[in-house]
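K.L.:
Pasting the sequence and the predicted coordinates here, then a few questions.
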Amino acid sequence: MRESLGIAILGGMRFEKIWVEQCRATKGIRRRFGVDNALDYLIGEKLTIFAEEAERNPQFAKELPRFLAAVWQVFNKYELAGYVATRKPAVRRRLHALLFVK
């Protein structure tokens, strides 16, 4: 598992607490630094890494739908669509498939 998720340093913390804490931190980032920085943190960094791990690890895959639901609680559809639209084509396709699943 990747170090950037904080798995190694969390020790006994329950698995789902990882993304819960990241969503909570995002709210603070949004207040202090704005929505663009919050989107970069949660979507561009944390969610992207989490989704990559979900392809290899069943624990991550199990938590991914709950993490995505939490993302939609932090940001509205316009913020998410705007963020996705500003990414490079390959990243845009991946994020669109991840965030706008039907």
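P.N.:
Received the coordinates, thanks.

K.L.:
Enumerate every residue touching residue 25.
P.N.:
By Cβ atoms under 8 Å, 6 or more residues apart in numbering, the contact list for residue 25 reads residue 41. From N, CA and C alone the C-beta is placed, and that goes for glycine too.

K.L.:
Numbering from 15 from now on, please.
P.N.:
Yep, numbering from 15; the last one is residue 39 now.

K.L.:
Quickly find the element holding it.
P.N.:
Assigned by DSSP states H and E, residue 39 belongs to helix 31-47.

K.L.:
Quick one: mean pLDDT for that helix?
P.N.:
For helix 31-47, mean pLDDT is 95.

K.L.:
after that helix, next one along is what?
P.N.:
Going down the chain from helix 31-47, the next helix or strand is helix 49-53, by DSSP H and E.

K.L.:
contacting residues around that next one?
P.N.:
Applying Cβ under 8 Å, 6+ apart, the contact partners of helix 49-53 are 40-41, 43-44, 88-89, 93-94, 97.

K.L.:
Please pick the buried ones from those residues.
P.N.:
When these are checked for burial by 16 or more other Cβ atoms under 10 Å, the buried set is 40, 43-44, 88-89, 93-94, 97.

K.L.:
Got the phi and psi for residue 89?
P.N.:
For residue 89, the backbone dihedrals are phi -120, psi 150 (criterion: degrees, to the nearest 10).

K.L.:
contacting residues around it?
P.N.:
49, 52-53, 56-57, 97.

K.L.:
Using JSON lines, please lay out these together with distance to residue 108.
P.N.:
JSON lines is the format used below for the contacts of residue 89 (distance: Cβ to Cβ, whole Å):
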{"residue": "49", "distance to residue 108": "21"}
{"residue": "52", "distance to residue 108": "20"}
{"residue": "53", "distance to residue 108": "15"}
{"residue": "56", "distance to residue 108": "15"}
{"residue": "57", "distance to residue 108": "11"}
{"residue": "97", "distance to residue 108": "13"}
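
K.L.:
quick one on the thing from earlier: which one among the contacts of helix 49-53 gets closest to residue 106?
P.N.:
Distance to residue 106, by Cβ to Cβ, is smallest for residue 97 among these, at 9.6 Å.
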